[in-house]
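>>> Here is my input, please return the structure:
(2 chains)
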Number of protein chains: 2
Amino acid sequence: MSVLQGLGRACQINANGTATLDGGRRRTWSEFRERVARFAGALRATGVRPGDRVAILALNGDAYLEYFYAVPWAGALVVPLNIRLAPPELTAILNDAGAVALVVDDAFAAMLPALLPNLQSVTRVFVSGEGAAPAGATSLGAAIDAAQPIEQADFAGDDVYGIFYTGGTTAASKGVMLTHGNVVANQMNMLAEVPFGRPTVYLHAAPMFHLADCAATFSVTASAGAHAFVPRFDPVPVMREIQTRRVTHTIMVPSMINMLVNAPTIGEYDLSTLQLILYGGSPISDAVLRRAMEALPKTGFLQAYGMTELAPVATFLSTTFHVTDGPLAGKLRSGGRAAVTAEIRIVDDDDREVPRGTVGQIAVRGPIVMKGYWNQPKLTADTLRGGWMHTGDGGYMDDDGFVFVVDRIKDMMITGGENVYSAEVENAIYQHPAVAMCAVIGVPDERWGERVHAVVSVKPGRAVTEAELVAHCRTLIAAYKCPRTVSVRSDPLPLSGAGKVLKTVLRKELAV
Amino acid sequence: MSVLQGLGRACQINANGTATLDGGRRRTWSEFRERVARFAGALRATGVRPGDRVAILALNGDAYLEYFYAVPWAGALVVPLNIRLAPPELTAILNDAGAVALVVDDAFAAMLPALLPNLQSVTRVFVSGEGAAPAGATSLGAAIDAAQPIEQADFAGDDVYGIFYTGGTTAASKGVMLTHGNVVANQMNMLAEVPFGRPTVYLHAAPMFHLADCAATFSVTASAGAHAFVPRFDPVPVMREIQTRRVTHTIMVPSMINMLVNAPTIGEYDLSTLQLILYGGSPISDAVLRRAMEALPKTGFLQAYGMTELAPVATFLSTTFHVTDGPLAGKLRSGGRAAVTAEIRIVDDDDREVPRGTVGQIAVRGPIVMKGYWNQPKLTADTLRGGWMHTGDGGYMDDDGFVFVVDRIKDMMITGGENVYSAEVENAIYQHPAVAMCAVIGVPDERWGERVHAVVSVKPGRAVTEAELVAHCRTLIAAYKCPRTVSVRSDPLPLSGAGKVLKTVLRKELAV
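Numbers count the residues shown, from 1 in each chain, chains lettered A, B, ... in the order given. The predicted structure follows:
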């Protein structure tokens, strides 16, 4: 069982159907497989061996998808790199992974001089794209054209597919080892939830290095659907691509959905083919969902909660629960219910299950749980103690099995002795019509221990005062949860590669 | 990963929702789990140990579903028995499996005196149902009521869930070992195809001992749908149940669909809730499909091709291909395309893949493939050679990846959904004193899919009628295996150089 099986199926049932649509290029599934086998041949020809790590630093595109299959085809492991990281962070990851080869695209070729001198194991660099390869690098396109296709490698389900470094928004990066079995298990959980059975055109709108996008990548291929790409998320190119390619499915985070549905030119595009937006990273606010349902009346929404360590989806909030009234309403702030083969429980500090409705740590068991952290046996043993993945996320489960993620445990504030979860406060603030983005953090406070502080970015042409926002929140949540101080700005908030607000950066800006 | 995980999920997300609807009894998922844990406790209390085999001989009902979960809960293996078999066939299977316990329902309690004297390992007999347990047996209901619930057993994916017997008394009888991983893999393939996501009421209309019904059983539970039952297939009770329970999904074989849609009273029932009929065993004929689409305009049809050794589904013919004209027509005689995690190829006698359109043997690889045949290492090694399950079925694959089953290499027929091996029927016929030679073949039949037909050559100076031969067979083998039609002749049968009856010539003579 390997991720390559899905590629084989696509070629068997849809050989002449579309695999990739990237700019002016369209490739069929048999052309795609041929390139993958040659790409693997090119890696092998430069001495890449089974078990080696091959990293990539690139924007979205067909080459990225080929990489995801060519590397295992050659028996090696993928290491997709976060495109937002600075050279020293990338260097640290490449050295930690012991990567022997690196693929970069045109956009990142300029970063090579800053990277190469400090790399300890990378001896081969490939540059994809149209430009000429710089000194010390090989043109990937030319290497693929020159290479002989090789036979695909065999894998057991427990063999590692890749090492995925977590964003590091809070702590030092960790390399998450996901097996072929993990990725396929997630693929199957996803397919039980998402009807990719009809002709599918999936748009890679979120960054492909991130496992959120990978969650769908392998499901789409195994269903023989088509992959379309935008290099990076930007509302106008996304809308253009949806219209041109007749995109049926895509993945975003709520902040991207928010940008999309509030784009001034949204009315100029035909987005009616879009059946589903998968999203994750955080729940969607009522206000954003209402606007989205208005702007995209034919589109369903599906939330996934999870993390890299879970390959990545632990729970799904199905389309049917994306309603703001009626008998199915009231679950929108949850991450949904356990994916089909995921076991979820909420535990206390002694790993005992807590009653429904009680906040504890979310723990997960099943075939989606990572093999462990690369070269970190102690951290692995602790995180996977008792056979359960301890997510580090605080949450509770309601009587219907819906998991409400109240926040990253470390992101919870304690103010005046009361626990306050950022997500809840942010949800209140988002309901103010002037708010474009917001983030709530705890800042040290003489009187309260921690003070609830909000950073708010306003929509163009709108204004709001601290006092107005606090008064607005008081109408929605308990007084002790309301921000005591607010920074209002017109700039957007800093986002991680996965589209999450970088609270560490905000804390640094506030010097807290 | 075990089949019990799906039960856990049902209890987590739908604890107070309906698990089973059987006659006047409705049980919720938490009640169901409680009974399963007590049923397991009752088994444990009588000394059933992890790894033991616990067989069942029963009509469909909620007790059967409880059995499917209680036996693994206690760490033991299920052995569901074909209800059509004769006592000598059942005895052979129970002894081969080394079953230590047997569960029978009221309908089969009368068979116990014919079974018990010949059983070598069964030391505990439970009788489910309302009647009093006969001598030597225990009332299952009373045992469950008296038992303490026990903790559920843990399984790895590679642990055996059960032994499922195919064939009958002769060499054709094989115990197929399916692991928990096999069953869950099939469950996930099924869920990628069948939208059990909406509220589901699944009617067990086909016999539950057969893996065709099991294919859906575990998927429905993992989706927290409801199970409804008819003791055995019969059009009127099925229609009544669909109307009363508002059944959404069921499983049949084409002969059952044929009986249902041609039932004289079909107009008296509201069958509009029925979204999907899964079927297998053979393709559906255009005529039956047309009649079915007319009689059940709101119902979709989904064909599955497979076998017990494949847990059981290898290919699906999706609902969209159940059309008699339009661009998607023309696939109706096929078994469909590979299930998501199944790899299918058509091979020649040297296990080399043949070109599309060429008939060869259908071979399957992937997580659905059985662990092997119980106590038959040589047969297992041969059947699974090279890591592929050799189905023994002849077929070809078209350019779109659709698999057409053209011949059962194993000389097996499927009649009314039941496998019948020619050799076994011929063996019975040969025991008649007037028979010189015989050959049994399957001939196409509107009602049964295939009909068991015997061609018999009589000894010089002897005579025998069709009715006499059928009556003779009935004393030796299960009724469904007996020939439905017989051609009696005095000429010898056509033989190959090696002295084998040339069935291809007989088929040509019969124009089938």
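>>> Determine how far the last residue of stretch A:361-369 lies from the first.
Stretch A:361-369 has an end-to-end distance of 16 Å (criterion: Cα to Cα, to the nearest Å).
>>> Remind me which helix or strand A:A439 belongs to.
Take DSSP states H and E as the rule and A:A439 turns out to sit in strand A:435-445.
>>> can you give me the mean pLDDT across that strand?
The average pLDDT for strand A:435-445 rounds to 89.
>>> in its sheet, what does that strand sit against?
Its sheet considered, strand A:435-445 pairs with strand A:449-458 (antiparallel) by DSSP bridges.
>>> Outside of the strand it pairs with itself, list whatever touches it.
With contacts defined as Cβ atoms under 8 Å, 6 or more residues apart in numbering or on different chains, strand A:449-458 is touched by A:413-417, A:420, A:425-426, A:429, A:434-445, A:464, A:469, A:481-493, A:506, A:510, A:512. From N, CA and C alone the C-beta is placed, and that goes for glycine too.
>>> Let's see that with 6 Å instead.
Outside of strand A:449-458, the residues within contact range by Cβ atoms under 6 Å, 6 or more residues apart in numbering or on different chains are A:413-415, A:420, A:429, A:434-443, A:445, A:464, A:483-490, A:492-493, A:506.
>>> So which bits of that strand are buried?
Counting neighbours by 16 or more other Cβ atoms under 10 Å in any protein chain shown, one finds that the buried residues in strand A:449-458 are A:E450, A:R451, A:V452, A:H453, A:A454, A:V455, A:V456, A:S457, A:V458.
>>> What separation do you get for the third one and A:G416?
So the one you mean is A:V452. 10 Å (Cβ to Cβ, to the nearest Å).
>>> about what we covered before: quick one: which of the buried residues of strand A:449-458 is nearest chain B?
Top of the list for closeness to chain B, among these and by Cβ to the nearest Cβ, is A:V452 at 33.2 Å.
>>> how many other residues sit next to A:P494?
Residues lying near A:P494 (other Cβ atoms under 10 Å in any protein chain shown) number 17.
>>> hmm, I was thinking of A:D325
The local packing of A:D325 (other Cβ under 10 Å) involves 7 other residues.
>>> And the buried ones among the contacts of strand A:449-458, selectable in PyMOL?
Per 16+ other Cβ under 10 Å, the buried members of the contacts of strand A:449-458 correspond to this PyMOL selection:
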select buried, chain A and resi 413+415+420+429+434+435+436+437+438+439+440+441+442+443+445+464+483+484+486+487+488+493+506
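>>> Would you mind measuring from A:A110 to A:T319?
From A:A110 across to A:T319, the span is 42 Å (Cβ to Cβ).
>>> These two - which one has more neighbours?
Set A:A110 next to A:T319 and count neighbours by other Cβ under 10 Å: A:T319 wins out with 19 against 11.
>>> Near chain B, which residues of the stretch 51-200 of chain A? Just list them.
Proximity of the stretch 51-200 of chain A to chain B (Cβ under 6 Å from any Cβ of the partner chain) is limited to residues A:M188, A:L191, A:A192.
>>> Grab the nearest non-local neighbour of the first one.
Counting by Cβ to Cβ, 6 or more residues apart in numbering or on different chains, the nearest residue to A:M188 once its immediate chain neighbours are dropped is B:M188, at 4.0 Å.
>>> tell me the pLDDT at that neighbour?
For B:M188, the predicted pLDDT is 97.
>>> tell me which element it is part of?
helix B:180-193.
>>> Now do the buried residues in the following helix or strand past that helix.
Counting by DSSP H and E, the next helix or strand C-terminal to helix B:180-193 is strand B:201-204. Going by neighbour count (16+ other Cβ under 10 Å), the buried part of strand B:201-204 is B:V201, B:Y202, B:L203, B:H204.
>>> Relative to chain B, how far out is A:V125?
35 Å (Cβ to the nearest Cβ, to the nearest Å).
>>> What residues are bridge-paired with that residue?
With DSSP bridges as the rule, A:V125 is bridged to A:L102.
>>> Compute the number of surrounding residues for the closest residue in space to A:D22 that isn't next to it in sequence.
Distances taken as Cβ to Cβ, 6+ apart put A:D62 closest to A:D22, at 4.0 Å, once the chain neighbours are dropped. Residues contacting A:D62 under the criterion other Cβ under 10 Å number 22.
>>> ditto for A:A205
Count around A:A205 with other Cβ under 10 Å applied: 27.
>>> got the residues of the stretch 51-200 of chain A next to chain B as a markdown table, with neighbour count and distance to B:L296 columns?
Compiled in a markdown table, these are given as follows (neighbours: other Cβ atoms under 10 Å in any protein chain shown; distance: Cβ to Cβ, whole Å):
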| residue | neighbour count | distance to B:L296 |
| --- | --- | --- |
| A:M188 | 27 | 30 |
| A:L191 | 25 | 27 |
| A:A192 | 27 | 26 |
